[in-house]
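Novice: The amino acid sequence is not available; the structure is as follows:
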């Protein structure tokens, strides 16, 4: 029997009702219908694209923090959170272990890739080919993004590159090697997207060409192909669209990303249409305690390094529980000067996927690996200067190891709670090096044996039991 998880792969698309001049990204899906009666007009294409972005919202709604930050040295689990994230105790039923939303989004991208050209060929021939190309580019980039997150979190995973439209066919698929997925799917999709995208269409809430190149650079760094990463950076530079946001308006990156030249790709959110972003209850909502708290080392750094403008705009210094993360909230002070947080049901969190500071620091990391310490130092100091902290001198970062540590430390601060830290540790093979002593300390604090990280295979996430039950060809990631 086909489980509902895999029936989602049969969904043709979620229709969106349009009105006035509202952007289609601001519309909510209303119903589901089959592809044979849907993909007929450009409005149908826009509906399909919007459904795909709705899928990205669903991926990050609650799990953005769980995937990128919860298992790291940035935060600790508070009184109301699940201690398993902080103690490397993931299980096959834990929140975040279900990858269904990734595959729903992939299914929608696959439908777009198949049917968008058919709309022009068979139904509405007057649509400009450049528009068709740009719609396709968004589908390819979105599919690549989903698979990139999947392989980093779960390793080898099943691959779907065609819509699942026939319930008589088995939905069960075995895993494909993560390296094969990177080389033969993700990078190929990004090459295709880059060739199709219209550089003049640059909404930060869409998978624009800048987002394509940024993702390409991220994938190259993951592969440790530093020349490919440099090439992607050069393509971003050639667009002449991006620069670091000025110090005085750094906060705009998280509350008004469309207003800044630093934003490359952010997730659109409007609580009146999408409901409140659930992640707010993990990091700072007005009607509940947060699941997570600021790690002591981060709290100490920002409360003592008064020149760093990021600290008081990232964490709430007045919150004695250390569980309110200001970063994604616009200033909203009461008469006593304390931040007022929205209830979870009314929270807008504009998740950054890529922004220029992220890219600059990745380029610094690549330069360091390419034996170009001068470039690495210059780029690193650009971000530090914007933050208001002292620049590094060349003699203080005089070898690759020290330089890499400085870059990663800067990324930890600059990109704090932006779902980057876990992947930084993974990419640089530092998960156990960094987290083992922290876990030992946490274990001692809880009167448990100081065993540290334990089995290195637990770097990967477990696969949720519902997913395993739905696909008979899947095997659980060991040792779960």
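Specialist: Done, it's in. None of the values given here were measured: they were computed from a predicted structure. Numbering: from 1, shown residues only.
Novice: host element of the nearest residue to residue 288 once chain neighbours are set aside?
Specialist: Distance criterion CB to CB, 6 or more residues apart in numbering; nearest residue to residue 288, sequence neighbours excluded, is residue 281 at 5.5 Å. In this view, the C-beta of every residue, glycine as well, is placed from N, C-alpha and C. Taking DSSP states H and E as the definition, residue 281 sits inside helix 280-283.
Novice: and the helix or strand that that helix is followed by, what other elements does it pack with?
Specialist: Sequence-wise, the next helix or strand downstream of helix 280-283 (DSSP H and E) is strand 292-294. If you count contacts as 3 or more CB pairs under 8 Å, 6 or more residues apart in numbering; DSSP states H and E, strand 292-294 packs onto strand 75-77.
Novice: Below-threshold pLDDT in the stretch 351-480 of the chain: ranges please.
Specialist: Nowhere does the stretch 351-480 of the chain drop to pLDDT under 70.
Novice: Helix or strand: which one has the residue lying closest to residue 142 once chain neighbours are set aside?
Specialist: Computed as CB to CB, 6+ apart, the closest residue to residue 142 that is not its neighbour in sequence is residue 109, at 4.8 Å. Per DSSP H and E, residue 109 falls inside helix 100-118.
Novice: in that helix, what's buried?
Specialist: 100-117 (16 or more other CB atoms under 10 Å).
Novice: outside of stretch 83-101, which residues touch it?
Specialist: Contact with stretch 83-101 is made by 5, 8, 55, 58-59, 62-63, 66-67, 70-71, 76-77, 82, 150, 153-154, 157, 435, 439, 442-443, 446, 453-454, 458, 461-468, 476, 480, as judged by CB atoms under 8 Å, 6 or more residues apart in numbering.
Novice: Let's see that with 7 Å instead.
Specialist: With CB atoms under 7 Å, 6 or more residues apart in numbering as the contact definition, stretch 83-101 has outside contacts at 5, 8, 55, 58-59, 62-63, 66-67, 70-71, 76-77, 82, 150, 154, 439, 442, 453-454, 458, 461-467, 476, 480.
Novice: what does stretch 322-335 give?
Specialist: With CB under 7 Å, 6+ apart, stretch 322-335 has contacts from 78, 254-255, 283-284, 289-290, 292-294, 299, 313-316, 339-341, 349-350, 417.
Novice: now the end-to-end length of it.
Specialist: 21 Å (CA to CA, to the nearest Å).
Novice: What residues of that stretch count as buried?
Specialist: Across stretch 322-335, burial judged by 16+ other CB under 10 Å covers 322-329.
Novice: pLDDT on that stretch, on average?
Specialist: Mean pLDDT, computed over stretch 322-335, is 96.
Novice: what distance separates that stretch from the middle of the whole chain?
Specialist: 22 Å (CA atoms, centre = their mean, to the nearest Å).
Novice: got the phi/psi numbers for the most centrally placed residue in the chain?
Specialist: In the chain, the centroid-proximal residue (CA atoms, centre = their mean) is residue 353; its distance is 4.8 Å. Residue 353 adopts backbone torsions of phi -90, psi -50, taken as degrees, to the nearest 10.
Novice: since we're on the residue nearest to it when sequence neighbours are not counted, how many residues are nearby?
Specialist: Nearest non-adjacent residue to residue 353, counting by CB to CB, 6+ apart: residue 265, 4.3 Å away. Here the number of neighbours of residue 265 (other CB atoms under 10 Å) works out to 24.
Novice: Give the bridge partners for residue 265, please.
Specialist: Taking DSSP bridges as the rule, residue 265 bridges to residue 354.
Novice: That one contacts residue 351, correct?
Specialist: No: here residue 265 does not reach residue 351: they are 9.7 Å apart, not a contact under CB atoms under 7 Å.
Novice: which helices and strands sit right next to the helix or strand residue 180 falls within?
Specialist: Here residue 180, judged by DSSP H and E, is contained in helix 178-181. When contacts are defined as 3 or more CB pairs under 7 Å, 6 or more residues apart in numbering; DSSP states H and E, helix 178-181 sits against helix 129-154.
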